[in-house]
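Engineer: This is the structure alone, sequence omitted:
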DNA sequence: TAGGATTGCAA
DNA sequence: TATTGCAATCCTA
């Protein structure tokens, strides 16, 4: 039993993704009791807590404690506190996330300022061109004004409607940009503007005086057991393109002589699929070559030499099948005909037959029991799996198919983070300590998690010990925690997870 | 000023 | 006609 407990996490485990997990919401939901709000007692923050009457302060404080206690008692009675995922993953993770949050992330302010100058210049230029093409000035950031200009004034062909007018999203503009320069320019404008507002201004705005940012990790918002990150969201920093990719160069080690180290689970979802489905052919790939894309193509098309474009298709098929994509979706995603896409998907399931059975079983079970389950027993209720509406039913089925995989992914990563944290907190033996000091802890810090990657700020001299141990911990999670499995997996089907690694002075790496 | 709608970034 | 998120911006109520 952990040293501490969290009733919100208890609630989250029961019903991941349900909004309104705050104490006052739960108190209403379960005890039909409306708590006093902080807004009320402070007259909407007009007075401070010290200024309110003792009686009100007492009631407010008492409620907080008592309702938490009642919630705990309820969860104890319902045996929620004994939930394996809660006890072994979510509760221990609290401290890990705390450590990450207080470690902060150093930012290269000058780098961002330089990017700001470049982007500002580009945007200004594009604005002029767009106004010239439109023959008037308007707000390019306003979708409404954009479609008014494009479809009403310039009479470009209309593509897609929205609730309030016409869509002018990427898909539409990309189609238009084949013939109309203005569409292409607006796309460029948006791209740069996005980088400038969200990633440059957004980060500069919240930078501390010594150039650090301190993100928050939220443990109870996603329906898939993943974490989320806010203020800033460090989980959607751009990776592509010459200028967007530059942004990652701005996340640097905290001191000049420190390094940024980056670990990433390679193709983890396909590996999980192989293991959970126990598909012999898929498992074989990972036990042998490990090159899943090459293997899929060879296997599906009974062909040895493959071209770069064929490999790209194989990669897409491997990737999208996990999400239960339709032939239509796949065709759009990689720009092939629906007919072709259908053939690829059919052949995938024909060859990897157990995968098909695995997905079918998940749906059957969900229909029967109303929930799906991860490898470690994380449950999600999908009541609408039996909906009569075919659209709703289809969506539910796609969710059901994807969730066990994505959840298991999240569980693996969380377990790895807990073990990494334990490793970093434990006093090192003199032999292992980089400086040979007795009882010393590592000084490096785990700073960022992005779903299947973890990033460290590394103290000089600790590179080797971290590289070796973090990689080992991450790759061995399934073997170490097989006792928690709720699916039966044969010992020989426990495949190795693969972790890629790189080290640099900033987050931008050889990706 | 709050919140819906649109858009776009990540895994 | 894949999923999960967060955030900037516009614009209406």
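Structural biologist: Nice, I can see it. Fair warning: this is a prediction, and the values are worked out from it, not measured in the lab.
Engineer: What ranges does chain A have for its strands?
Structural biologist: A:105-107, A:212-213, A:216-218, A:228-230, A:251-252, A:259-265, A:371-373, A:379-381, A:445-449, A:453-458, A:499-504 (DSSP state E).
Engineer: Turn these into TSV, columns for mean pLDDT, mean neighbour count and distance to residue A:293.
Structural biologist: Placement of C-beta: from N, CA and C, glycine included. Formatted as TSV, the strands of chain A follow (pLDDT from 0 to 100; neighbours: other CB atoms under 10 Å; distance: least, CB to CB, whole Å):
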stretch	mean pLDDT	mean neighbour count	distance to residue A:293
strand A:105-107	95	22	33
strand A:212-213	94	16	36
strand A:216-218	94	15	32
strand A:228-230	93	15	30
strand A:251-252	93	23	30
strand A:259-265	94	22	16
strand A:371-373	91	19	27
strand A:379-381	88	19	30
strand A:445-449	96	23	26
strand A:453-458	96	23	20
strand A:499-504	91	16	15
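Engineer: do you know which of these lies nearest DNA strand B?
Structural biologist: Nearest to DNA strand B among the strands of chain A is strand A:453-458 (6.2 Å), distances taken as CB to the nearest atom of the strand.
Engineer: Who does the closest one pair with, and is each partner parallel or antiparallel?
Structural biologist: Next to strand A:453-458 in the sheet, as set by DSSP bridges, lie strand A:259-265 (antiparallel), strand A:445-449 (antiparallel).
Engineer: which residues touch whichever residue of chain A sits closest to DNA strand C?
Structural biologist: Closest contact between chain A and DNA strand C, by CB to the nearest atom of the strand, is at residue A:329 (2.5 Å). Shown in contact with residue A:329 (CB atoms under 8 Å, 6 or more residues apart in numbering): residue A:320.
Engineer: Would you check how far apart it and residue A:419 are?
Structural biologist: As defined by CB to CB, to the nearest Å, residue A:329 lies at a distance of 37 Å from residue A:419.
Engineer: And residue A:380, by the same measure?
Structural biologist: In this view, residue A:380 and residue A:419 are 25 Å apart by CB to CB.
Engineer: and what of residue A:207?
Structural biologist: From residue A:207 to residue A:419 the distance is 32 Å (CB to CB).
Engineer: which of these two has more neighbours?
Structural biologist: residue A:419 (21 against 14; other CB atoms under 10 Å).
Engineer: residues in contact with the more buried one?
Structural biologist: Applying CB under 8 Å, 6+ apart, we find residue A:419 in contact with A:473, A:477, A:480.
Engineer: I'd like the residues you listed as TSV, with neighbour count and pLDDT appended.
Structural biologist: Putting the contacts of residue A:419 into TSV (neighbours: other CB atoms under 10 Å; pLDDT from 0 to 100) gives the following:
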residue	neighbour count	pLDDT
A:473	21	96
A:477	19	95
A:480	12	95
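Engineer: Same list (those residues) but as a markdown table, adding distance to DNA strand B.
Structural biologist: Converted to a markdown table, these look like this (distance: CB to the nearest atom of the strand, whole Å):
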| residue | distance to DNA strand B |
| --- | --- |
| A:473 | 18 |
| A:477 | 16 |
| A:480 | 22 |
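Engineer: Just name the closest of these to residue A:176, please.
Structural biologist: residue A:477 (47.5 Å; CB to CB).
Engineer: Confirm for me that the closest one is in contact with residue A:414.
Structural biologist: No: using CB atoms under 8 Å, residue A:477 is not in contact with residue A:414; the gap is 9.5 Å.
Engineer: Neighbours of the residue in the stretch 1-150 of chain A that DNA strand B sits nearest to, how many?
Structural biologist: Using CB to the nearest atom of the strand, residue A:143 is the residue of the stretch 1-150 of chain A that sits closest to DNA strand B, at 3.9 Å. Residues lying near residue A:143 (other CB under 10 Å) number 16.
Engineer: Now it: closest residue in space, sequence neighbours ignored.
Structural biologist: Spatial nearest neighbour of residue A:143, chain neighbours left out: residue A:168 (5.3 Å); criterion: CB to CB, 6 or more residues apart in numbering.
Engineer: Would you agree the one you found is in contact with residue A:147?
Structural biologist: Yes: using CB under 8 Å, residue A:168 makes contact with residue A:147 at a distance of 5.0 Å.
Engineer: Compare those two (neighbour count), which wins?
Structural biologist: Comparing residue A:168 with residue A:147 by other CB under 10 Å, the one with more neighbours is residue A:168, at 26 against 21.
Engineer: Phi, psi for the more buried one please.
Structural biologist: In terms of degrees, to the nearest 10, the main-chain angles of residue A:168 are phi -130, psi 40.
Engineer: separation between it and residue A:148?
Structural biologist: For residue A:168, the distance to residue A:148 - CB to CB - is 10 Å.
Engineer: cool, and residue A:250?
Structural biologist: Note on residue A:250: its distance to residue A:148, by CB to CB, is 37 Å.
Engineer: neighbour-wise, which of the two wins?
Structural biologist: residue A:250 (25 against 16).
Engineer: Could I get the buried residue list for stretch A:26-37?
Structural biologist: Across stretch A:26-37, burial judged by 16 or more other CB atoms under 10 Å covers A:26, A:27, A:35.
Engineer: how about the second one, what does it touch?
Structural biologist: Under the criterion of CB under 8 Å, 6+ apart, the contact partners of residue A:27 comprise A:33, A:34, A:35, A:63, A:67, A:70, A:71.
Engineer: restrict those to those near DNA strand B?
Structural biologist: The subset of these within reach of DNA strand B, counting by CB under 7 Å from any atom of the strand, is empty.
Engineer: For the residue in chain A that DNA strand B sits nearest to, grab phi and psi.
Structural biologist: In chain A, the residue that lies nearest DNA strand B is residue A:162 (3.0 Å; CB to the nearest atom of the strand). Note on residue A:162: its backbone torsions stand at phi -120, psi -180 [degrees, to the nearest 10].
Engineer: ok, it - how many residues close by?
Structural biologist: Burial of residue A:162, expressed as a neighbour count using other CB under 10 Å, amounts to 12.
Engineer: and the gap between it and residue A:329?
Structural biologist: The gap separating residue A:162 from residue A:329 is 20 Å, by CB to CB.
Engineer: Likewise for residue A:365?
Structural biologist: Distance, residue A:365 to residue A:329, by CB to CB: 25 Å.
Engineer: residue closest to the middle of chain A?
Structural biologist: When CA atoms, centre = their mean is applied to chain A, the residue found nearest the centroid is residue A:451 (4.4 Å).
Engineer: pLDDT at that one, what is it?
Structural biologist: With respect to pLDDT, residue A:451 has a value of 92.
Engineer: That one and residue A:413 touch, don't they?
Structural biologist: Yes: using CB under 8 Å, residue A:451 is in contact with residue A:413, at 7.0 Å.
Engineer: Need the residues touching each of the two.
Structural biologist: Listed contacts common to residue A:451 and residue A:413 are nil; contacts here mean CB under 8 Å, 6+ apart.
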